[in-house]
Every structure is written in structure tokens, then in C-alpha cells.
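# Sequence and computational prediction follow.
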Amino acid sequence: MEIREDMKILLMGNPNVGKSVVFNRLTGARVVTANYAGTTVEYTKGTMFYAGNHLEIIDVPGTYSLEPTCKAEEVAVEMLSSGDLIINVADATNLERNLHFTMELMRQGKPMILVLNLWDEARHKGIHIDVAALEKLLQIPVITTVAVTAEGIKELISRLPEAVVPSPPNGQVNGDLWREVGKIIKQIQRITHRHHTWLERLEDISIKPRSGLPLAAVVIFLTFAVIRFVGENLINYVFNPFFENLYRPFIYHTVSYAFPSGVIHDLLLGTTPDFIESLGLLTTGIYVPIAMVLPYIFSFYLVLGFVEDFGYLPRFAILMDTFMHKLGLHGFAIMPMILGLGCNVPGAMATRILESRREKFIAGTLMAIAVPCMAQTAMIIGLVGPYGLVYVAMIYGNLAVVAIVIGSIMNALIPGYSPELFLEIPSYHLPHFGTLMKKLWMRIRGFLAEAIPLVLIGVLLVNILFLSGIIDLFSNFSAPVIVKIMGLPKEAVSSLIIGFLRKDVAVGMLEPLNMTIKQLIIACTVLSIYFPCIATFAVLIKELGVKAMLKASLIMVGTAIAVGGLLNLLLPNFS
Amino acid sequence: MTLTELESGKQARVIAFNGGPNMIKRLENLGLLRGKTIKKVSNNPFKGPVVVKIDQIELAIGHRMASRITVEPI
Ligand SMILES: Nc1nc2c(ncn2[C@@H]2O[C@H](COP(=O)(O)OP(=O)(O)OP(=O)(O)O)[C@@H](O)[C@H]2O)c(=O)[nH]1
Ligand SMILES: [Mg+2]
């Protein structure tokens, strides 16, 4: 077919076949890729230049069939009608199942190209596919690629004009299609026997509960140890020295030169020399996101990226299935929680991989309540850590207990039942270094672009609230709850207000209040539970609907007050 | 016997799905078809999911769903 300006090209195929990596290659854009089904839950558009034309490339969520079974798949099927050309990406190591979807697509009357990706993996696994024969049988171009190294991508681009509308395969019912696929596979695929690799042995070890559960404990311990080690050392040896020795003298000189004193001086530098306490735009507003949070964002996404691409997460989800059922969820619902540990926004998006509304509601609410994002965690480690890591652990222990209790209550009270876990377990891959680094950079850039403006707005807002005296109004109004029930100083309310914008700034604002360690623990726990930040809130409204989100908000606020009160009653004074 | 009863490490042929069209559709979409030979990889205790291998793929199937799949050991 002729390639025209503004043509819409859809990348479609089964989950986890590398569509997003192909998309990144074609467009130079960056979307998240990972080794499990359901990484992409919303379509992404990008542009590719082809012989002087702008082509619109769309990365569609993976789907096993054109009859969707969850929201992410619905998105995929809705996209279909708008496309002018379909690049069907398939997993060469699992051709039979992938070809079934190809056949379904072939009935849609759209020009198509078939891409057999993961060609390197197929080679390793001793899978031989006769590409020329497959091309003849399907009568559409078939191209083999290794998307992570860009092998075959040039050929894919140059053969775009060869895309043709295939003649629809025989058979109307599903069973017929499978039979057709079976026939084709017999003619074109040959599998040679070979020995198990160590990765395959590791796959077995991690999936069998007897060895998998201890291994999971080791993996969790190691991930946290590495995250903390990298984060802590970056702060101590890179970021803090830079901020204290270079940044501080620089901004103090510059600002004091331009504005020796007055409102603007105070707004920019704050009124105390402490970077966290001062609440100046250039001190707190820059120091908190860059020197305190960024190192942990870096170390978290470094480790997460590796674990994601290795393919460990779905196996962990399976081991967690029995436990998650107690909370009204199935094992795969651990995915939004894990992503939420980085940032609640992608966590909330990931609830789309869940099948039922009930499950999405429970998962979204639990994540908002009990999963503090890395920005908040970094600040908690920075603030509470010096008193002893055991107190940090206590905050997370509180949140874990809250998650279990609230989850069990929701499971008991909300009508319906939890759907069953049913998922494909990807094989382990050794992550591709370049792909890992690109993903890490993309996430860091996302953090910088979204966090810094909000942090600055937050700091500005605090200044306005204090200067105008509005904060006193709030403090007095909320004193009964904050002071009487939770035992916190009434000034803590300012932190709760800013927590709507950014949790990291909110935790930082606890520092000058001179609280006891008990109060710090309560405040940090409550700060996580009472409400998600505004960005997460917006996504949750979109995913759950306004009414459900209203209910979820009531649960959050109710839980926060109850937990704050209980901790105040039960925790000793630790002195 | 059902898939949950099959011993880990054993091979079996899929005989029937005792569920509605939705369940059957979901199973078939991922490549679990009647007549296929599968190998049970593991069984999680306390009604946890069952893991099976079909051709090149591994699938995890929730306990309730697995108990509705009839297989014949070979
Ligand atoms: N070895 C190898 N790995 C690949 C190749 N293409 C993709 N991957 C890896 O396979 C995993 C899945 O890639 P994605 O691009 O996230 O897959 P997707 O099709 O977008 O998946 P969904 O968004 O879940 O539908 C990632 O870990 C990639 O790094 C390839 O050609 N060879
Ligand atoms: Mg994707």
C-alpha cells in the first residue's frame, strides 16, 4: 500500500511481545517496557518520519484476543477501527498462540505486516521458523526482529509499503482458527532439543513454593538493601557535598546580592539556614526534590527496572496469590502496589490490568492508603532514619497491618468475589543494558518534570498560608482531631495540607515541629493514609469514577483518624 | 481428575473445561486448548494457583479455575 502523510499505524499483538520496545525504536519516544503482560495499559502516540511523511505510530496495550477481558484490552480493541495499517508484533518463541491473534487480525480487513520479535530468544531456545514459507502461507510481509538491539527494525521500516490486506483465514468459529494455526505451525516450525539453561533452572526454583518463598524473601531483602545502599551513598557522597559546598554559597551570595533582605529574599531562601526547615523556593524547594528524593528515585527505579525486565515480578505475584485473596484481590494485584512504591500515579494506572470494578476499587484504595511513594519514603528515611531504622520499619509495619485490616474489611463488606488469577509467566531474560538505562532515564526525567513544579508550588503555598495567617485558622479548626485524637502538635496540620500536593514536602515540614519520635511515627503513618497526592487522586478519579472515589476518600480519612488515634493510645513513648 | 488433583511434575492431556463460555474463552485465548498436552509445574498450598507448562509457555491458573479443568494423566 502507499504510505501517506498522517497515516495511522497501530502496533498490536499479544502482551509482552516487545511492542513498546518496537515503538520506542520507530518513534524515538520513550514508553515503559517490562517483562510481564500488561506493562502498557493506555495507548501512546508517537511520530515517525518516512520518506518525508509524518506517520502516527500508536503503541497499543497487548491483548490476547479481539474480545477483551479487561480495561487495558478494551482500549486495544477500540483503537483498531482508527488504524490505517497494522504492524502485528508477535513473540517468535511462542508462535502458535501469537499466530492465533494474527489470524483474528487478518479478519479485520486492514493492511498488515507481521513482525516476529524476540528472534534472539527463539534462536536460543532452538526454535526454527521458516519465514519465507510463513510469508507465502499468510500472504503478508513477515519480518524478524530483535527490538532491543534494533536488529530488523530498518527492514521493517523499508518494507512498510508492502503491507497488504490479507485474505481472511478460513473458519468462523474459534476452534477452526486454532486448527488453521496448528496446520501452519506444523509446516513452518521446528524445535530442536537442547539442554536446560541456568535461567530455566532459576525459573523453576522461583516458581515452586518450597524454594520460591525463601527466594522471594531473599529478593525482597536484597532489593531493599541495594536501594538503600545506593540511595544513601549518593546522598552522603554526591548530593550533600554538592549542595553544602557549592550550591549553598552560590545561591546565598547571588540572592543576597540581588535582594539583601525583604519578602523576596525570604521567599527564595527562607528564614533559617537549614535546607529542609527554611521553606525557601531555592533552598527547600530545590533541596528536597533533588538532594533528598532524587537519589532514592534513582536507586529504586534502577532496581525495579532490573527486576521488571528480568521477569521476576509475575512469579512473585503468583506466590502472593493466596495472601492477596484475603484482601479481595488476586496475586497480580501486587503489581500496582509494587509500581506504587515508586510513584502512586503509575500504580493507580496499573489497576487497569485487573478484571473487575470491585478489584480495581480495593486495589486503588489500598494502594492510596498503605503504599507510600519513593518520594515520601526517601523523606521518611531522611527524617526518621537518624533515630534508628527500627522506627522507619515501624512506620511500614503500621501500614502493612492497616493494608491487611482494611483490605479484609473491604473484602467482607463489598459484594462480589475476587476473580481468579490467570496469567502467562514470561521466561527470564537477562536485561538489555541500554534498554534498562533508557527506561531509568525516562522515569527520572518524568520525576523531575512532574515533581519539581509541584514542590515549588507547594513551598510557595506554605509561605502564603503562613504569611496570610490562614494556617492558624486551619490549625485551630482541626485541633480536636490532630491534637486530641492523634496527639500531634496542631502545627502538623500545615503538613497535612501540603500533603495534598506533595508528600515529600509534607514530611519535610514535620522537621521544625520538634516532635517526639512517637509523634513522628504517627505523623508519617497518617500522612501516608489520609489522602493520596493530587496527581494520584486525579488518576484514581479517572480509573474508578467520581462516586467510587468519594467512597474511597471516606475510607482513607476514616482510616487515618482511627489509625492515628490507635497509635497514639498504643505506642509507648520510646525514651 | 481435575488439574488441581494432578501431581506436580506429571504430564496430562486436557479433556474438558467445566465453566461458562467466558472462562473457556479466557483459557483458550492464552493457548490452553482441549486435547493439548500439559505438564504441571507446581501447586501452591492453601488453594493457591497451579502452574502448568504448554509447549513453550507457562501459565498460572487460580485454584478455583484449575479445579474446573479436567485432565487425563499420561
Ligand atoms: N531478548 C529480547 N528481549 C526483548 C525483545 N523485545 C523486547 N524485549 C524485552 O521483552 C520485554 C517486553 O517488552 P515490552 O515492549 O514491554 O512488551 P509489550 O509488548 O509492550 O508488552 P505489554 O505492554 O505488556 O503488552 C521487555 O523486558 C523487553 O526489554 C527482543 O527482541 N529480544
Ligand atoms: Mg507495552
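Looks like it came in fine. Ligands and ions are numbered 1, 2, ... in the order given.
# Show the backbone phi and psi for residue A:49.
phi -90, psi 130 (degrees, to the nearest 10).
# show me the contacts for it.
residue A:55 (C-beta atoms under 8 Å, 6 or more residues apart in numbering or on different chains). No exception for glycine: its C-beta is placed from N, CA and C like everyone else's.
# what sits opposite it in the beta ladder?
Assessed by DSSP bridges, residue A:49 has beta-bridge partners residue A:54.
# Next: the one 10 residues further on.
Beta-bridge partners for residue A:59, by DSSP bridges, are residue A:11, residue A:44.
# can I assume it is in contact with residue A:30?
No - using C-beta atoms under 8 Å as the test, residue A:59 is too far from residue A:30 to be in contact (10.8 Å).
# more crowded one of those two?
Comparing residue A:59 with residue A:30 by other C-beta atoms under 10 Å in any protein chain shown, the one with more neighbours is residue A:59, at 27 against 18.
# pLDDT of stretch A:319-332, averaged?
The pLDDT scores in stretch A:319-332 average 95.
# The residue of chain B found nearest chain A - how many residues pack around it?
In chain B, the residue that lies nearest chain A is residue B:62 (2.9 Å; C-beta to the nearest C-beta). Neighbourhood size, residue B:62 [other C-beta under 10 Å]: 25.
# which residues touch it?
So residue B:62 contacts A:321, A:330, A:419, A:420, A:421, A:422, B:49 (C-beta under 8 Å, 6+ apart).
# Let me see the contact set for the fourth one.
Applying C-beta under 8 Å, 6+ apart, one finds that residue A:420 lies in contact with A:330, B:61, B:62, B:63, B:64, B:65.
# Repeat that for the last one.
Neighbouring residues of residue B:49 by C-beta under 8 Å, 6+ apart: A:318, A:321, A:331, A:421, B:60, B:61, B:62, B:63, B:66.
# Also the third one?
Applying C-beta under 8 Å, 6+ apart, one finds that residue A:419 lies in contact with A:330, A:354, A:355, A:356, A:359, B:62.
# Confirm it sits in a strand?
No - per DSSP: H, G, I helix; E, B strand; the rest coil, residue A:419 lies outside any strand segment and is coil.
# before we move on, back to that, report the two of the contacts of residue B:49 separated the most.
A:331 and B:66 (13.6 Å; C-beta to C-beta).
# in stretch A:69-81, what's buried?
For stretch A:69-81, the neighbour count (16 or more other C-beta atoms under 10 Å in any protein chain shown) marks A:69, A:70, A:71, A:72, A:73, A:75, A:76, A:77, A:79, A:80 as buried.
# Tell me, how many residues neighbour residue A:349?
Count around residue A:349 with other C-beta under 10 Å applied: 21.
# what sits against it?
Per C-beta under 8 Å, 6+ apart, neighbours of residue A:349: A:41, A:42, A:539, A:543.
# 6 Å - rerun?
By C-beta atoms under 6 Å, 6 or more residues apart in numbering or on different chains, residue A:349 lies in contact with residue A:41.
# how far away is it from ligand 1?
12 Å (C-beta to the nearest ligand atom, to the nearest Å).
# Residue A:533 too?
To ligand 1, residue A:533 is 26 Å away according to C-beta to the nearest ligand atom.
# What pLDDT does the model give that residue?
For residue A:533, the model assigns a pLDDT of 93.
# And for the closest residue to it other than its chain neighbours, the neighbour number?
Nearest-residue entry for residue A:533: residue A:503, 5.6 Å, with adjacent residues in sequence omitted and distances by C-beta to C-beta, 6 or more residues apart in numbering or on different chains. For residue A:503, the tally of surrounding residues (other C-beta under 10 Å) stands at 28.
# For residue 6, give me phi and psi.
Assuming you mean chain A. Dihedral pair for residue A:6: phi 70, psi 20, per degrees, to the nearest 10.
# should've been chain B
Per degrees, to the nearest 10, the backbone of residue B:6 is at phi -60, psi 140.
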